[in-house]
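In: no sequence on this one, just coordinates:
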């Protein structure tokens, strides 16, 4: 529509969105990067100290714990969620009566506020009053009634289970969307050739869902790097910071301990790790292809 | 023959597994509902015992403790303001990106990519900088302090949906409107807006849910109890009710049930929005 395409019109229509976006998304990233190079306690002026915060990060045992925990949550969540959601999608794709209700129910945890999800799971995982341990004790598996939260080791695994609960139906829905794009003719042709169910699964469904697998993996990575409220509710990072994740450690360092500069160096590093993880997933097939070529 | 026909056969094993998974997913909700009718002694000493009566003490204690009116008012006023502003500005910018003619086409596309890249930015990197901006602007503990970041966080998703839809929609109606002498604003609001109405609804519901659930910005920017939003109040239950577990469960249910009701009504838009954002983004 040439008639309206004056520069004034373009600016008037795009400027408000651009202004909010620049002020509240783009500028803050640079502000965070700037503070990460300073020492700042909230009083006076931030003091420029170069890369000192990043050096400190390398020797910080609490950062190492937070990083280790985040990796555990990520790996366990991926291991549970990707095959689990794919399997559930295969089960829920059939259009039989009641299936849309089943899909809706399985999706529902994804819409609950994370701060509520954390609280709900306190009543499931709490070693004393929680559902899991009480059921285990009731059936005589006292030995398995472990300290799911609040102990020194298991919280990251519990966090992965909570995240998997919240996102199972959501990721499954994304897989169903991918499944519906596979043309039926492929299955019919395979059936004529006498392919078995598992042959169809491994030679048609999974290869053709390659993109969906990649996308859900990236989605799960971003979900895991957003886990915050659940930690707050389940353990608040305790005992003694042992169950801290990168995001909660960053938050507590920044706002509870008031070490704004150091907190921002954790924030920047966390963002870099997130992007790196996503880049690795996106680049993995290309890398594998290159490796295969050099081997041959 | 369509594939669906093959699936008409009964698959008892598959049905059983599906039912089993669904039960597992529902158990946490059911558990909360069972606990809410039990007193604290029973929750502590005999957690697995089923409630013996429809005891509403926990709920009435929770209702006495919480200022539900204030919490819903704060959350929904912030949502109303943020949604009005974001729908207005992101619709207009998406309209401009798809319908105006650019001599440098790459520039319009670059702005589009720039906007949707915002979806990849996790909120945590933004918290402290936004806190500083809020102090600089002198708007701590105001609705505006949360409205602005919520509007900004919506730019990526809204642009993705609006632009995606408009690009795929023919421009004949609009060309006819131009010949009828429509000006820019009539064009945007009378001609194009009705066309994108289904997207407006999805964007509205999706962002409503985001604001309803949003905690990181709220906890960073709001300290005045009078300004507290729903997620902030929930984060304080453990301190507020201390060992009154029945009270915590009841208070949680007072917020879980409205969310599930909202989901039940707008399910189609919520699922559509969440998967579209993930799939296209």
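Out: Structure's in. What do you need? Owing to the predicted nature of the structure, the values given are computational and were not obtained by experimental measurement.
In: roughly how far apart are residue A:15 and residue B:233?
Out: From residue A:15 across to residue B:233, the span is 37 Å (CB to CB, to the nearest Å). Quick note: C-beta positions are derived from backbone N, CA and C, even for glycine.
In: of these two, who's got more company?
Out: In this view residue A:15 and residue B:233 are compared by other CB atoms under 10 Å in any protein chain shown, and residue B:233 has more residues nearby, 23 against 14.
In: mind checking which helix or strand the spatially closest residue to the more buried one that is not a sequence neighbour is in?
Out: Using CB to CB, 6 or more residues apart in numbering or on different chains and skipping residues adjacent in sequence, the residue nearest residue B:233 is residue B:71, 5.1 Å away. In the assignment (DSSP states H and E), residue B:71 maps to helix B:68-99.
In: From the contact counts, what lies against that helix?
Out: Judged by 3 or more CB pairs under 8 Å, 6 or more residues apart in numbering or on different chains; DSSP states H and E, helix B:68-99 is in contact with helix A:7-21, helix B:105-116, helix B:143-167, helix B:197-213, helix B:230-235.
In: between those helices, which gets nearest to residue A:288?
Out: helix B:105-116 (27.6 Å; CB to CB).
In: What's the first helix or strand after that closest one?
Out: Next helix or strand after helix B:105-116 toward the C-terminus (DSSP H and E): helix B:124-137.
In: Briefly note if that next one comes near chain A.
Out: Yes - judged by CB under 8 Å from any CB of the partner chain, helix B:124-137 comes into contact with chain A at B:124, B:125, B:126, B:127, B:128, B:129, B:130, B:132, B:133.
In: Now, of those, which are buried?
Out: B:124, B:125, B:126, B:127, B:128, B:129, B:130, B:132, B:133 (16 or more other CB atoms under 10 Å in any protein chain shown).
In: which one of those residues sits closest to residue B:155?
Out: Of all those, residue B:155 sits closest to residue B:126, with 12.8 Å by CB to CB.
In: give the contact list for the residue nearest to that closest one when sequence neighbours are not counted.
Out: The shortest distance from residue B:126 to any residue other than its chain neighbours is 4.4 Å, reached at residue A:28 (CB to CB, 6+ apart). Taking CB atoms under 8 Å, 6 or more residues apart in numbering or on different chains, we find residue A:28 in contact with B:125, B:126, B:129, B:130, B:133.
In: same thing but 7 Å
Out: Residue A:28 sits next to B:126, B:129, B:130 when contact means CB atoms under 7 Å, 6 or more residues apart in numbering or on different chains.
In: what pLDDT does the first one get?
Out: The one in question is residue B:126. Among the per-residue scores, residue B:126 holds a pLDDT of 97.
In: just the last one next, same as before
Out: Residue B:130 is assigned a predicted lDDT (pLDDT) of 98.
In: right, and it touches residue A:24 too?
Out: Yes - assessed by CB atoms under 7 Å, residue B:130 is found in contact with residue A:24 at 6.3 Å.
In: Check the chain for its longest helix and report it.
Out: All of this is about chain A. Determined from DSSP state H, the single longest helix within chain A is helix A:260-295.
In: You answered for a different chain; I wanted chain B.
Out: helix B:245-280.
In: That one packs against which elements?
Out: helix A:114-125, helix A:155-179, helix B:12-36, helix B:40-45, helix B:57-65, helix B:143-167, helix B:197-213, helix B:237-241 (3 or more CB pairs under 7 Å, 6 or more residues apart in numbering or on different chains; DSSP states H and E).
In: ok now stretch B:137-151, how far from the chain's centre?
Out: Centre-to-centre, stretch B:137-151 and its host chain are 18 Å apart (CA atoms, centre = their mean, to the nearest Å).
In: Can you give me the separation between the residue nearest to residue B:201 when sequence neighbours are not counted and residue B:64?
Out: Nearest non-adjacent residue to residue B:201, counting by CB to CB, 6+ apart: residue B:269, 5.8 Å away. Distance, residue B:269 to residue B:64, using CB to CB: 35 Å.
In: Neighbour count for the two, which is higher?
Out: residue B:269 (18 against 8).
In: State the number of residues packed around whatever residue of the stretch 151-281 of chain B ends up closest to chain A.
Out: In the stretch 151-281 of chain B, no residue comes nearer to chain A than residue B:152, which is 3.4 Å away by CB to the nearest CB. Using other CB under 10 Å, residue B:152 is surrounded by 25 other residues.
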